[in-house]
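1. Just the structure for this:
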Amino acid sequence: MLCVFLTAFFASKVEHESKHCNSKGFQRPGSSAFDRVYTANQNCGHTYPTFLAMLWCAGLLCSQAPAAFAGLMYLFVRQKYFVGYLGERTQSTPGYLFGKRIILFLFLMSVAGILNYYLVFFFGSDFEMHIKTITSAISPLLLIP
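-> Okay, the predicted model is just below:
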């Protein structure tokens with residue numbers, strides 16, 4: 001739900017910059033503000049499928065609470081990336097790197113859940129509680145920039 005509002009916010013920013021340009025066509029040469037907003041919107045839109053897949057897998061295969069926390073953090077980071085992209089492109093770098101770290105965390109949670117499944121299946125050893133404890137302890141570390 002929050003993802004929908006964030007996407008709507010990004011789209012409204014693109015529309016706002018589009019209306020402030022004098023040209024009527026879609027091609028707006030020389031409008032760096034519109035280009036930055038449009039590019040930031042496209043970059044955010046292209047990362048959402050990966051984010052949603054990682055969030056779903058991490059929550060399903062490992063633990064829901066740390067995955068949900070990481071998902072909320074990712075949405076705030078994408079907002080920071082978008083706003084940073086409106087300024088200079090170097091201002092968006094921290095948001096980009098932070099987002100990559102959160103996606104990596106979600107990916108590692110998914111891999112840990114898959115490994116636990118195969119350990120149970122082949123060896124009968126269940127490490128689910130240990131994995132949930134570790135991911136719950138590590139997820140607050142995502143707040144460190």
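2. For Phe98, give its distance to His130.
-> Distance of Phe98 to His130, given as C-beta to C-beta, to the nearest Å: 27 Å. C-beta coordinates here come from the backbone N, C-alpha and C atoms, glycine included.
3. With neighbour numbers in mind, choose between these two.
-> Taking other C-beta atoms under 10 Å, Phe98 and His130 do not tie; Phe98 has more neighbours (21 against 11).
4. what about that one, distance to Phe76?
-> Counting by C-beta to C-beta, the gap from Phe98 to Phe76 is 9 Å.
5. what does Pro66 give?
-> 16 Å.
6. Low-confidence ranges, the chain, go.
-> Applying pLDDT under 70 to the chain flags the ranges 1-7, 14-31, 88-89, 145.
7. Helices of that one, start to end?
-> For the chain, the helices defined by DSSP state H occupy 2-19, 32-61, 64-86, 93-123, 128-138.
8. Could you say which one of the ones you listed comes nearest to Ile144?
-> With respect to Ile144, and counting by C-beta to C-beta, the nearest of these is helix 93-123 at 9.5 Å.
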